[in-house]
Structure formats: C-alpha cells, structure tokens
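Chemist: below is the sequence, then the predicted model.
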Amino acid sequence: MKYNWQQKDWPHFQYETEAVEDLLYDFAKRTGRISGVLDGFSESEQTEAMINLMVSEAIKTSEIEGEYLSRKDVMSSIRRNLGLNSELPASKDKRVEGITDLMLAIRKHFTSPLTEKMLFDWHTMLMKGSKGIEIGQWRSHEEPMQIVSGAIGREIVHFEAPPSNTVSSEMSAFIGWFNESQITIKKPIIRSAIAHLYFETIHPFEDGNGRIGRAIAEKALSQSIGRPVLFSLSKSIERNKNKYYDALKSAQRSNKITDWINYFVQTVLDAQIDAEQEIEFTLKKAKFFDNLKVELNERQQKVVRRMLEEGHQGFEGGMNARKYVSIASASKATATRDLRELVQKGIFEPIGGGRSTRYKLLV
C-alpha cells in the first residue's frame, strides 16, 4: 500500500464539493451573522468573547495530543499577554506559556504570508521547555517518522511520513502552495481542509505537528474571511477525535480527498455553531453580573464566576456543597447557607435531593 505522498499525483488533490455546498453557504451566512452580533458588543464584551474562544482552542488543541492544561493558567496567561492583567504571574507550566504565545501569534499576524521562519518561530513557542527534541527546525532523524499505536512489539503503523531528507523541499512546495492558494481557492473551508491535510502528511517537525497543523488551518480560514476566526476548531475536533484520526488516516491513503473535505467542512460548521452559542452566552453573562453583582457576597461571586468560565455548555456535574467549599474556601455550614440563598434569589436551581443535591446556574 502506498501513502498519498508516494503516489504519482502527489500533491495534486482531487475533490468534489457537491455534498457540502449547502454547508459552505451556511458557513458564509453564519460568519456574517457573528460579525454583526459582535459589532453590537462593547469593546470589553468583544475582548471577553475573543479570550474565551482562544482559551478553548489552546486547551483543546493540547488535549487532542494528550496534554491537559489548567484553564485558569491559560486564561491568566492570555489576559497578561494581551496587557489586560499585567500583574498576573507567569505560569510555571511552560506548555501554557508556549500554547498561549502561539494562539496570540496566529491572530496577530494572520494576514502575513506563511514562511519557513514563521513556522520555526511557532514551533519554538510551542515547544518551550521541551528537552531532547529538535526545536525550531525540520526533523532530521534518519529513522522513519511514523504514527503508531499499540504495545511495544505489537505496534500498528497508521501512517508513515516522507523521509526527513525530503522535508525541506516538501515544505518549500507546501509554503508556496499555501500562499498561492489564498488567490486560487475561493472557498475558505476547502483551503483550510487541504492545508491541514497537506501539512499533516509532511509531518515536518519531530513533535507538535498536530497543534501547528491546526494553527495552519486556522490561519487559512482567517485569511480567507479577512479577520481572525471566532471559533475553536480544536474543540470541535476533540469532541470526537477518533473520527478526526480516522478521516485523516483515510485521506492519507489517496489524493482523492472528497471524504476528508466533507468531514472537515462539517467539523468547521459545528465549531462555528458552538462559537455562536458561546458569544451569545458572553453577552448574557455580562448582563447577568450587571444585574446581580450587588446581590451576591464575595464567596457567591467567586463561585458563580467559576461556573460561568465553563461557557454555555455549563459546569460539569453542576455545583454541590463540596465543590462550593473548595472554590470559595468556606466552611460546609457557610456553603450550605450561601447555596440556599442562591436558590432563593433564583440564581441556582437544585437538582436531585439529600446529599446528592447539585445546583444548576440559571443564566
């Protein structure tokens, strides 16, 4: 069996878009609608919405690769780097600082052409604190670059990338294609889908290819719509990452990639729908606090803010007395009293009863 890069027509991808034309139209319509909604936000509300989506992307693109970062640390790092809370300390987790730097760089320089230096800079940011790997340069090891799973001695090879000695020329061709495709491929998601697949196939770095590949997909979308994307592609992918890996694996067997295009278009649209809900939730959250700030004590405000950080999908498992004690640093008696008050004020709704009682936030 030959991989796509070993075939005579590499990298001339062939695809049909008939099955997704309605979705592509829906994407364009929703893109306009999101811009309109944001125009009605205050500057602080726009910033808040952007930060929440960046935090989601940073966390989820890392989770896809099996790295689990503190949401609080990522949020603090982004806010500090944007100059909003310069007093916040730098995270001790170098991975947090690295992915934060990458998220901000993608958005700040989205209009700039892709270059080898840009990719090396991204890799250097992302691999901050990593040891034992080549950083900020193409891989050079002689052994095959393989995607494998399974126990040692019983590994299953899912994909093997082009050999290291061809990476420089492959990436030169990719970078040329990427910059030219801004003119030649008019449909934003199609360009993004091909860019991600093309890059992931070359797999040019020793580590970090998935995260940088998703950053490239985001850059392609941002350039094509004329502003940084306002959704988390990785959040949509992570929701069913096995489907993502299966679609990618299948696409790397042939340069006829219609199935990959279909998968990717639906994934982007799902991310966009989720972002619309997140943006609407940001507005509701701002109004919620404007109305209730004076009614809540400091402990209650802290707990409610922590719940709201989880976005429109809600606080996993709901709030309970044990979690309240931990978040608010309160005694169990104080937590019980605070929770009862929040129910009386119509802010919390109890679910279940007795020791298993949990609370849903009514926003």
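Modeler: Yep, that arrived. Numbering: from 1, shown residues only.
Chemist: every contact and neighbour count from this point should use C-alpha atoms.
Modeler: Noted.
Chemist: any weak-confidence spans in the stretch 151-300 of the chain?
Modeler: 289-294 (pLDDT under 70).
Chemist: if we go to 50?
Modeler: Within the stretch 151-300 of the chain, no range satisfies pLDDT under 50.
Chemist: residue ranges for the helices of it, please.
Modeler: For the stretch 151-300 of the chain, the helices defined by DSSP state H, counting those that start in this stretch cover 167-184, 188-202, 209-225, 233-238, 241-251, 258-292, 298-308.
Chemist: which helices and strands sit right next to the second one?
Modeler: Of the remaining helices and strands, those touching helix 188-202 by 3 or more Cα pairs under 8 Å, 6 or more residues apart in numbering; DSSP states H and E are helix 167-184, helix 209-225, helix 258-292.
Chemist: of those helices, which approaches His141 most closely?
Modeler: Across those, His141 has its closest neighbour in helix 167-184 (11.1 Å, Cα to Cα).
Chemist: list the buried residues for the closest one?
Modeler: For helix 167-184, a neighbour-count test (16 or more other Cα atoms under 10 Å) marks Val167, Ser168, Glu170, Met171, Phe174, Ile175, Trp177, Phe178, Ser181, Gln182 as buried.
Chemist: ok, now which ones touch the second one?
Modeler: Yep, that's Ser168 we're talking about. Trp138 (Cα atoms under 8 Å, 6 or more residues apart in numbering).
Chemist: same question for the third one.
Modeler: For Glu170, the residues meeting the contact criterion (Cα under 8 Å, 6+ apart) are Ile202.
Chemist: now swap in the last one and tell me
Modeler: Under the criterion of Cα under 8 Å, 6+ apart, the contact partners of Gln182 comprise Arg191, Ala220, Gln223, Ser224.
Chemist: correct me, but Ile261 touches Phe13?
Modeler: No - assessed by Cα atoms under 8 Å, Ile261 is found out of contact with Phe13, at 10.7 Å.
Chemist: who has more neighbours, these two?
Modeler: Neighbour comparison, Ile261 and Phe13: the larger count goes to Ile261, with 25 against 14 (by other Cα atoms under 10 Å).
Chemist: for that one, what are its contacts?
Modeler: Ile261 touches Tyr15, Thr17, Ile190, Ala193, Ile194, counting by Cα under 8 Å, 6+ apart.
Chemist: what subset of the residues you listed is buried?
Modeler: With burial judged by 16+ other Cα under 10 Å, the buried subset of the contacts of Ile261 is Ile190, Ala193, Ile194.
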